[in-house]
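Trainee: pasting the structure only:
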């Protein structure tokens with residue numbers, strides 16, 4: 001009877017250890033699957049983040065290009081923003097943006113226009129002929145145009161369009 005009892009105890013021990021090892025195998029499989037899901041989700045998040053970062057840096061680069069090209073023009077326009085201070089003229093290769101300054105001595109013009117693939121700025125006496133050889137290059141561009149509408153000056157270059165709200169056209173000084 002002792003052997004029978006020993007056989008039963010052995011059978012219960014073997015059965016319980018087999019159940020525990022099956023349970024451990026299922027738990028290991030579940031945790032391995034869970035780990036794989038986390039790895040896949042992390043890799044997807046990394047790819048989406050890298051794509052987003054690339055898009056943001058590209059947008060920032062384009063924005064910087066617009067600022068580099070139009071920044072000096074916009075600053076000059078804002079500095080000359082007074083009644084009768086902004087006009088259009090005829091440059092060597094199309095229209096020019098003319099910023100007018102008047103004092104007791106005379107009238108002076110800052111002319112911004114396109115010349116040989118560059119946007120240039122020239123400071124001269126009012127009414128004097130254009131001399132692009134003496135002009136300062138502001139930026140490279142094959143395009144330069146501008147328009148006034150409802151107190152807003154829009155300036156278009158190769159880099160894009162910049163807009164300046166003109167105080168003098170909105171009733172300011």
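Mentor: Sure, I can see it. Just so we're clear, the structure is a prediction, and the values are computed from it rather than from any experiment.

Trainee: by contact count, what packs against the helix-or-strand element of the chain with minimal mean pLDDT?
Mentor: Every helix and strand in the chain was compared by mean pLDDT, DSSP states H and E; the lowest is helix 2-79, with a mean of 78. Counting contacts by 3 or more Cβ pairs under 8 Å, 6 or more residues apart in numbering; DSSP states H and E, helix 2-79 is packed against strand 94-102, strand 107-115, strand 118-125, strand 136-140, strand 152-157, strand 160-165. Bear in mind the C-beta positions are built from the backbone N, C-alpha and C, glycine included.

Trainee: distance from that helix to the middle of the chain?
Mentor: Here helix 2-79 is found 30 Å from its chain centre; the criterion is Cα atoms, centre = their mean, to the nearest Å.

Trainee: one more: stretch 126-137?
Mentor: Averaging C-alpha positions (Cα atoms, centre = their mean) puts stretch 126-137 34 Å from its chain's average.

Trainee: what's the end-to-end length of it?
Mentor: Start-to-end span of stretch 126-137 (Cα to Cα, to the nearest Å) is 20 Å.

Trainee: which residues does it contact?
Mentor: Contact partners of stretch 126-137, identified using Cβ atoms under 8 Å, 6 or more residues apart in numbering, comprise 91-92, 96, 100, 106-109, 111, 113, 115-116, 118-122, 124.
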